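In: need coordinates for the below:
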Amino acid sequence: MKGLKKLALVSASAMMLMGVSVTTTNAVTESHFSQTVKADEVNGDTPKQVYTKMVNAGIATPKVKWNLNGPNKIKAHWYKKAHWHDAWNNINIGFATDLDDASGSFTQNGGYPVIGTVNVNGRKYYIQWCGNFMQLAVKESFESPRLMHSDHKIKMYELDTDESSLDAPQGTLSLTSMEFATKNFMIPAHHNAITLTNENGQTNQYVPVIGMKGHFHTRIGWIKKSDFDQLKNNTTTGKKVIWYDEYVWQKGNHIYSSWKTVKGPLLMKIANHVLKTKKLRNHEFKDLFTDSSTIACTKQSNENKGIN
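Out: Numbers count the residues shown, from 1 in each chain. Just a heads-up that it's a prediction; the model follows:
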């Protein structure tokens with residue numbers, strides 16, 4: 001990743017397709033809907049099954065639309081002036097097949113200038129200026145997450161390649177302990193529960209979250225729905241919490257960050273310069289769609305995972 005993206009120490013592997021029973025649960029309404037596919041006696045799910053669960057539960061955007069060998073239809077609309085938009089990883093937490101990927105890194109950390117929009121093969125993205133490069137963001141990035149607090153430490157988990165069964169197809173995913181527990185969480189705007197399997201073959205409902213434990217200790221992962229239900233919303237306290245290396249706090253239904261105060265003015269100044277300098281703007285924009293760009297790499301990763 002380039003520039004200001006902050007690694008969250010969560011990795012993704014190359015994966016292939018298999019089948020198990022898929023059930024998703026909405027953490028708010030408790031409504032259930034299921035999809036029956038071929039069952040298999042292994043621990044975990046294939047990437048395609050995790051993707052299906054997350055999309056059905058509204059906690060992931062659909063897989064990126066991109067033709068590796070072309071053609072691709074790209075149409076940009078540029079703003080006259082940059083607009084600051086607070087932005088957070090609100091979707092695609094822990095696993096992603098689209099560009100706003102909060103499984104391997106934080107693509108959003110409080111906000112960036114938005115300098116335009118682009119339609120890529122029928123899908124709209126927002127163009128952000130991130131200091132020394134452009135990136136594409138989904139609309140869910142501009143919603144506000146919530147800060148929630150527990151009176152005891154809650155254990156977090158991550159999706160990892162299942163190694164508990166020699167019969168498991170390559171790339172089967174199961175939850176493993178992160179050895180990371182905290183009391184403070186950023187809850188993405190899209191945070192419904194889905195059923196996942198741990199490395200011991202036990203199934204449970206889990207909710208995607210971002211755990212905050214102090215300076216440079218911010219992690220992306222999952223917690224059990226039963227733990228999520230016990231969290232206390234601290235919206236009335238105004239308590240500041242360290243998010244990676246900035247402070248975040250909540251007032252009403254909105255999260256605020258020291259990032260905007262410290263970095264915002266300079267980012268906006270550079271973003272407006274980029275907009276005025278068409279040669280620079282077009283050069284940076286072209287980089288978004290090269291063979292080695294994020295969008296092409298995301299598409300290739302989906303192909304490798306069997307998510308076609």
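In: show me the contacts for the residue nearest in space to the middle of the chain.
Out: By CA atoms, centre = their mean, the chain has its centre lying nearest to residue 102, at 2.8 Å. By CB atoms under 8 Å, 6 or more residues apart in numbering, residue 102 lies in contact with 8, 89, 91-94, 96, 108, 210, 220. Quick note: C-beta positions are derived from backbone N, CA and C, even for glycine.
In: look up the closest residue to it, ignoring the ones flanking it.
Out: Leaving aside its sequence neighbours, residue 102 sits nearest to residue 89 (CB to CB, 6 or more residues apart in numbering; 3.7 Å).
In: show me what contacts residue 50?
Out: Listed by CB under 8 Å, 6+ apart, the contact partners of residue 50 are 95, 159, 173, 196.
In: can you flag which of those belong to strands?
Out: When those are checked against strands (DSSP state E), the matches are 159, 173, 196.
In: now residue 119. Nearest residue, chain neighbours left out?
Out: residue 75 (4.7 Å).
In: tell me how far that neighbour lies from residue 85.
Out: Plainly put, residue 75 is 21 Å away from residue 85 if you go by CB to CB, to the nearest Å.
In: so which of these two has more stuff around it?
Out: residue 85 (15 against 9; other CB atoms under 10 Å).
In: just to revisit the earlier point, for the residue nearest to residue 119, which three-state class applies?
Out: strand (DSSP: H, G, I helix; E, B strand; the rest coil).
In: any idea how far residue 243 is from residue 227?
Out: 20 Å.
In: cool, and residue 122?
Out: 39 Å.
In: of the two, who's got more company?
Out: For the pair residue 122 and residue 227, the greater number of neighbours falls to residue 227 (19 against 7), based on other CB under 10 Å.
In: check which helix or strand covers the more buried one.
Out: Residue 227 belongs to helix 225-228 when assigned by DSSP states H and E.
In: which helices and strands does that helix pack with?
Out: Helices and strands touching helix 225-228, as assessed by 3 or more CB pairs under 8 Å, 6 or more residues apart in numbering; DSSP states H and E, comprise strand 146-161, strand 203-212.
In: so which of those strands gets nearest residue 138?
Out: Of all the helices and strands packed on helix 225-228, it is strand 203-212 that lies closest to residue 138, at 15.2 Å by CB to CB.
In: so how far is the closest one from its chain's centroid?
Out: Averaging C-alpha positions (CA atoms, centre = their mean, to the nearest Å) puts strand 203-212 13 Å from its chain's average.
In: in it, what counts as buried?
Out: Across strand 203-212, burial judged by 16 or more other CB atoms under 10 Å covers 203, 205-212.
In: kindly report the same for stretch 112-128.
Out: 112-118, 120, 123, 125-128.
In: cool, and stretch 93-103?
Out: Across stretch 93-103, burial judged by 16+ other CB under 10 Å covers 93-103.
In: tell me where the stretch 1-150 of the chain has helices.
Out: 47-56 (DSSP state H, counting those that start in this stretch).
In: how about the nearest residue to residue 74, chain neighbours excluded?
Out: According to CB to CB, 6+ apart, the nearest residue to residue 74 is residue 120 (5.6 Å).
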